[in-house]
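**Student:** Provided below for reference: sequence and predicted model.
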Amino acid sequence: MRQLREKLFEEIRPDALTIAEAFEYSDHSLTSAIGTADGKIYEHLLDWAKNHNDVNKQDIKADLRKDVLTFYQ
C-alpha cells in the first residue's frame, strides 16, 4: 500500500495544484495562509500571529513581571 501510495503521489505531483484548484475551495474554508488566492502569504501569516493567535493576545510581560516579583518575595 505504501509503495502504491508513493507511486501515485509521483504521478499526480505535476498536476497536484491544478487538481486542488479544481475543487474551488475558498481561502476561508481552507484556513491556510500559504497558497491564498491573493498571494499575500507573509501578510496573512503576520496578521494571524498578531490578531488571531490566543498566545499572542495575552499580556505576557505583565504575567512575567508578576511571577518574577512573586518569586523574589
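**Tutor:** Nice, I can see it.
**Student:** strands of the protein, start to end?
**Tutor:** Counting by DSSP state E, no segments of the chain form strands.
**Student:** mind showing which ranges of it have poor pLDDT?
**Tutor:** Where the chain drops to pLDDT under 70, the residues are 56-63, 65, 67-68, 73.
**Student:** what ranges do the helices span in it?
**Tutor:** Counting by DSSP state H, the chain has helices at residues 2-12, 16-22, 27-30, 41-51, 54-57, 60-72.
**Student:** can you lay out those helices as TSV showing mean neighbour count?
**Tutor:** Glycine gets a C-beta too; all of them are placed from N, C-alpha and C. Below are the helices of the chain laid out as TSV (neighbours: other Cβ atoms under 10 Å):
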stretch	mean neighbour count
helix 2-12	9
helix 16-22	10
helix 27-30	11
helix 41-51	12
helix 54-57	8
helix 60-72	9
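**Student:** CA atoms only for stretch 2-15, dumped as PDB, please.
**Tutor:** Extracted in PDB, the C-alpha atoms of stretch 2-15 (Å, rounded to 0.1, in the frame of the first residue of the first chain):
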ATOM      1  CA  ARG A   2       2.800   2.400   0.900                       C
ATOM      2  CA  GLN A   3       4.600   1.700  -2.400                       C
ATOM      3  CA  LEU A   4       1.400   2.200  -4.300                       C
ATOM      4  CA  ARG A   5       0.700   5.400  -2.500                       C
ATOM      5  CA  GLU A   6       4.200   6.800  -3.200                       C
ATOM      6  CA  LYS A   7       3.800   5.800  -6.900                       C
ATOM      7  CA  LEU A   8       0.500   7.600  -7.100                       C
ATOM      8  CA  PHE A   9       2.000  10.700  -5.400                       C
ATOM      9  CA  GLU A  10       4.700  10.700  -8.000                       C
ATOM     10  CA  GLU A  11       2.200  10.500 -10.800                       C
ATOM     11  CA  ILE A  12      -0.100  13.300  -9.600                       C
ATOM     12  CA  ARG A  13       2.700  15.600  -8.300                       C
ATOM     13  CA  PRO A  14       3.000  17.700 -11.500                       C
ATOM     14  CA  ASP A  15      -0.800  18.300 -11.500                       C
END
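**Student:** mind listing residues that contact that stretch?
**Tutor:** Residues outside stretch 2-15 that contact it (Cβ atoms under 8 Å, 6 or more residues apart in numbering): residue 19.
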